[in-house]
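[1] test case, fold it:
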Amino acid sequence: MPAGGVASPSGPGPGMGAVVRAGVFGKLPARGDFLRLGLPRDFVDAWDLWWQRGLLSVREIAGEDWVAAWLEAPVWRFVLPPGLLGRDGVAGVWLPSVDRAGRYFPLTVAAVAPFDWAERPGDLHGFLAGAEQAGLDALEKDLDPDAVLGLAMAALEGSGGPAAQQQVVAERGLAAWWTEGAPRVAPRAERGRRLPEGRAFAGLIDDGWGVDRG
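    Now for the predicted structure:
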């Protein structure tokens, strides 16, 4: 079994008996380089490229104001179907972060699996709740990388059960991303066959940037 992997919770569904891997990618305030633990390269490389394009768009649209908005950006939860960014399905959260050299980039806590997470809402929401708390603890408590990975794996092991009282945002075959909001972003949920680009990406950081005022 690969590092960061556990057998998926038993029960009906396409993930039964599969290996699911949890991990982290991005920036931590105490480190000067990228953190990448537990997640497969095909996802990380594609996710990184999407972020590089997106942050370039944000800088072009917002200018010097982008850093202030970044520091107030919300936590976003997301689901990606198999084949969108890498071979597997992905569920995770990203939080605005920065490294000790002052370079801004998100911290992502995610899990990959050979199935579509939208078909496992109980596992999905159980993991995402733990993943979000892991990310918050990593930033607020200045945790070391191994501790963050341990929290990600614990979130995966704690998933399962009914998706009671949870809004089922994900839909099979589609990417989904949703947030409870922040000072510059209203609570919302979105779905699509692709992830947002350009102004749509910038709107993840500040609602006003997602509107073309030209």
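
[2] so Pro106 touches Lys27, yeah?
    Yes. Here Pro106 reaches Lys27: they are 7.2 Å apart, a contact under Cβ atoms under 8 Å. Every C-beta, even on glycine, is put in place using the N, C-alpha and C of the backbone.

[3] spit out the residues that contact the two alike.
    Ser97 (Cβ atoms under 8 Å, 6 or more residues apart in numbering).

[4] what about Trp94, how many residues nearby?
    Using other Cβ atoms under 10 Å, the number of residues around Trp94 comes to 26.

[5] you'd agree it is in a strand?
    Yes. Counting by DSSP: H, G, I helix; E, B strand; the rest coil, Trp94 is located in a strand.

[6] once you drop chain neighbours, what's closest to it?
    Excluding the flanking residues, the one nearest Trp94 by Cβ to Cβ, 6 or more residues apart in numbering is Pro106, at 4.2 Å.

[7] what residues does the longest helix along the chain touch?
    Counting by DSSP state H, the longest helix found in the chain is helix 41-62. With Cβ under 8 Å, 6+ apart as the test, helix 41-62 has contacts from 25, 36, 66, 69-70, 85-88, 90, 104-106, 108, 110, 112, 195-199, 201-202, 204-206, 209.

[8] next, the buried residues of it.
    Buried residues in helix 41-62, counted by 16 or more other Cβ atoms under 10 Å: 43-44, 46-48, 50-51, 54-55, 57-58, 61-62.

[9] following element in sequence after the helix or strand hosting Ala69, please.
    In the assignment (DSSP states H and E), Ala69 maps to helix 66-71. Once helix 66-71 ends, the next helix or strand along the chain (criterion: DSSP H and E) is strand 76-80.

[10] so what touches that next one?
    89-94, 117-118, 124, 128, 132, 169-170, 175-179, 195, 204.

[11] which of these fall in helices?
    Under the assignment DSSP H, the contacts of strand 76-80 contribute Leu124, Leu128, Glu132 to helices.

[12] can you put these in CSV and add distance to Ala155 and neighbour count?
    Listed next are the ones in helices among the contacts of strand 76-80 as CSV, based on distance: Cβ to Cβ, whole Å; neighbours: other Cβ atoms under 10 Å:
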residue, distance to Ala155, neighbour count
Leu124, 12, 26
Leu128, 8, 26
Glu132, 9, 20
